[in-house]
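[1] Predicted structure and sequence below. I'll ask about it afterward.
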Amino acid sequence: MRIHIATDHAGLDFSTQLQHHLAAQGHEVVDHGPIEYDPVDDYPAFCIRAAQAVVRDQAAGIDTLGAVFGGSGNGEQIAANKVRGVRAALVWNMATAELAREHNDANVIAIGARQHTFDEAVAFIDRFVATPFSDEERHARRIAQLAAFENDGSLLPDPRAAIRGGEDVDAFDPEAG
């Protein structure tokens with residue numbers, strides 16, 4: 001499998017170790033992160049490039065996933081999710097690593113390199129990579145809804161609209177009870 005990775009300064013040491021680990025498992029690793037330590041570098045471009053490569057490879061039929069990480073993993077997940085076709089999941093334990101793939105068909109994992117030991121993070125990535133999408137209808141249906149919104153802004157009808165006379169109301173009305 002090809003695995004695109006990206007980080008910023010917060011995960012640079014982790015990235016180097018991870019590349020060796022994944023390559024030893026037989027994966028092709030493509031690094032989109034920095035090539036040297038810079039304490040003020042910015043993660044968005046690194047993570048977006050990795051996410052774009054995942055989408056491009058998957059569209060070409062290449063078995064591919066991505067891993068982005070930084071201090072918390074939050075910003076890296078947000079950056080990756082800006083790329084159309086990416087479903088990046090912030091993972092913090094084995095269950096979230098597995099469910100991200102099994103239920104959400106996530107194609108990018110985001111991890112906080114400062115939140116976990118190297119061994120923990122590698123275990124999350126290994127589980128993520130090894131877990132297939134379940135292909136259950138309910139999960140496929142939900143992923144299709146996300147893709148539809150991403151592509152054209154469409155959503156399922158708001159069930160509250162009929163109650164409010166056809167209005168599509170998103171705000172909470174404290175007087176309504």
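    Looks like it came in fine. Computed from a predicted model, the values in this text were never measured in an experiment.

[2] what's the residue closest to the geometric middle of this protein?
    A centroid search over the chain (C-alpha atoms, centre = their mean) returns residue 88, at 1.2 Å, as the residue closest to the centre.

[3] Please verify my assumption that that one contacts residue 106.
    Yes. At 6.5 Å, residue 88 counts as touching residue 106 under the criterion of C-beta atoms under 8 Å. The way it works is simple: take the backbone N, C-alpha and C, and place the C-beta from them, glycine included.

[4] Please pull out the lowest mean pLDDT helix or strand from this structure.
    Within the chain, no helix or strand scores below helix 12-24, which has a mean of 93 by mean pLDDT, DSSP states H and E.

[5] In this structure, which strand is the longest?
    Looking across the chain with DSSP state E, the single longest strand is strand 64-70.

[6] avg pLDDT for it?
    For strand 64-70, mean pLDDT rounds to 96.

[7] Run the chain-centre distance for it.
    Distance of strand 64-70 from the chain centroid (C-alpha atoms, centre = their mean, to the nearest Å) equals 7 Å.

[8] Show me the contact partners of it.
    With C-beta atoms under 8 Å, 6 or more residues apart in numbering as the test, strand 64-70 has contacts from 1-8, 10-11, 14-15, 18, 43, 46-47, 50-51, 53-54, 57-58, 76-77, 79-80, 86, 88, 107-113, 121, 125, 128-129.

[9] Buried ones among those residues?
    Neighbour-count burial (16 or more other C-beta atoms under 10 Å) applied to these gives 2-8, 10-11, 14-15, 18, 43, 46-47, 50-51, 53-54, 57-58, 76-77, 79-80, 86, 88, 107-113, 121, 125, 128-129.

[10] Which members of these occur in helices, if any?
    Per DSSP state H, helices hold the following members of the buried ones among the contacts of strand 64-70: 14-15, 18, 43, 46-47, 50-51, 53-54, 57-58, 76-77, 79-80, 121, 125, 128-129.

[11] contacting residues for residue 19?
    Here residue 19 is in contact with 5, 29, 31 (criterion: C-beta under 8 Å, 6+ apart).

[12] Nearest residue to residue 71 in space, please, no chain neighbours.
    Take residue 71 and drop its neighbours on the chain: the residue closest to it by C-beta to C-beta, 6 or more residues apart in numbering is residue 10, 4.1 Å away.

[13] Over to residue 145?
    Nearest to residue 145 is residue 156, by C-beta to C-beta, 6+ apart, at 6.7 Å.

[14] what about the protein, any weak spots by pLDDT?
    165-177 (pLDDT under 70).

[15] again, only using 50
    Across the chain, not a single residue meets the criterion (pLDDT under 50).

[16] how close does the nearest residue to residue 134 once chain neighbours are set aside sit to residue 139?
    The shortest distance from residue 134 to any non-neighbouring residue, by C-beta to C-beta, 6+ apart, is to residue 102 (4.9 Å). The gap separating residue 102 from residue 139 is 8 Å, by C-beta to C-beta, to the nearest Å.
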